[in-house]
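1. Quick one: sequence and predicted model below, then my questions.
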Amino acid sequence: MADDATLLGKVKRKLIETKQKWAGEGRLLTVKTGTPDANRLPPGQREVKNWPVLDLGIQPEIPAAKWRLDIDGLVENPTAWSWADYKAQPQATMTSDIHCVTAWSRFDNKWEGVATRHLLDIVKPKPEAKFVIQHSFDGYTTNVPFEAFAGEDVLLACRWEGKPIVAEHGGPVRLVLPKLYLWKSAKWLTRLEFVAEDKPGFWEVRGYHNHGDPWLEERYS
Ligand SMILES: Nc1nc2c(c(=O)[nH]1)N[C@H]1C(S)=C(S)[C@@H](COP(=O)(O)O)O[C@H]1N2
Ligand SMILES: [Mo]
């Protein structure tokens, strides 16, 4: 009996030690950077180390002085940001995985920019605002549900891996919404329109899924 109790005591101690070690490493909370983990790749995706370029073939070069972001529609405070206005906002840092519908995923992208949560505090969307339409300098549009846009990991990003986002990847400012396929993240962002009725965007009217969750493989409609 005494032996059993001792053995149990040892097992328990060992278990607690292991759990404590895991907690220290952040295990069970987040996937550790660099750890090979099959669960990190959505169905049908493969990991790439480079960052492919995908767009309509027009890559507008927008000097910071010409860049402008309009935030309008169903908001209490419609706002227009110049580059200086944008840079004057608190800059957040975020690391996220990106998933393209063409089946590549890229892990651990380090972004800097303005969190959509911060933008929402300023423009104050009306309760009727159920969708956000992103508009770009190349004429591209894409629609996302309000809740997706308001995610804590969504950024109006201007930097990637410590450098300004290059024009081909959507600089000066692109959206990064990592929980949806990357076509839902507009490059060369210039307008955010808050609407009550959904308005399918460029790819959404051409057969892409209206929602685009990579974990549910919402590729095409
Ligand atoms: N303005 C704009 N944004 C866009 C696109 C585009 O053509 N124009 N293409 C989308 C698609 S289909 C993808 S997969 C990603 C690609 O981003 P990347 O070229 O930085 O990898 O941008 C998305 N955002
Ligand atoms: Mo895409």
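-> Cool, the structure landed. Ligands and ions are numbered 1, 2, ... in the order given.

2. Near ligand 2, which residues of this structure are found?
-> Contact residues (CB under 5 Å from the ion) of the chain with ligand 2: Leu54, Val101, Trp183. (C-beta placed from N, C-alpha, C; glycine too.)

3. can you map out the helices along this protein?
-> 2-25, 83-87, 116-123, 146-149 (DSSP state H).

4. Packing partners of the shortest one?
-> Okay, so that is helix 146-149. strand 131-136 (3 or more CB pairs under 8 Å, 6 or more residues apart in numbering; DSSP states H and E).

5. Counting by contacts, list what the strand it packs on packs against.
-> strand 141-145, helix 146-149, strand 189-195.

6. tell me the most buried of these?
-> Ranked by mean neighbour count, these are led by strand 141-145 with a mean of 21 (mean count of other CB atoms under 10 Å).

7. re earlier: with mean pLDDT and distance to Met94 added, can I get the helices and strands packed on strand 131-136 in JSON lines?
-> Output for the helices and strands packed on strand 131-136, formatted as JSON lines (pLDDT from 0 to 100; distance: least, CB to CB, whole Å):
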{"stretch": "strand 141-145", "mean pLDDT": "99", "distance to Met94": "17"}
{"stretch": "helix 146-149", "mean pLDDT": "98", "distance to Met94": "15"}
{"stretch": "strand 189-195", "mean pLDDT": "99", "distance to Met94": "16"}
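
8. Kindly reformat those as JSON lines and extend each row with distance to Asn109.
-> JSON lines is the format used below for the helices and strands packed on strand 131-136 (distance: least, CB to CB, whole Å):
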{"stretch": "strand 141-145", "distance to Asn109": "19"}
{"stretch": "helix 146-149", "distance to Asn109": "18"}
{"stretch": "strand 189-195", "distance to Asn109": "17"}
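
9. out of the ones you listed, nearest to Ala115?
-> helix 146-149 (11.1 Å; CB to CB).

10. C-alpha coordinates for that closest one, PDB please?
-> Below are the C-alpha coordinates for helix 146-149, written out as PDB (Å, rounded to 0.1, in the frame of the first residue of the first chain):
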ATOM      1  CA  PHE A 146     -17.700  41.600 -40.800                       C
ATOM      2  CA  GLU A 147     -16.600  39.100 -38.100                       C
ATOM      3  CA  ALA A 148     -13.800  37.800 -40.300                       C
ATOM      4  CA  PHE A 149     -12.500  41.300 -40.900                       C
END
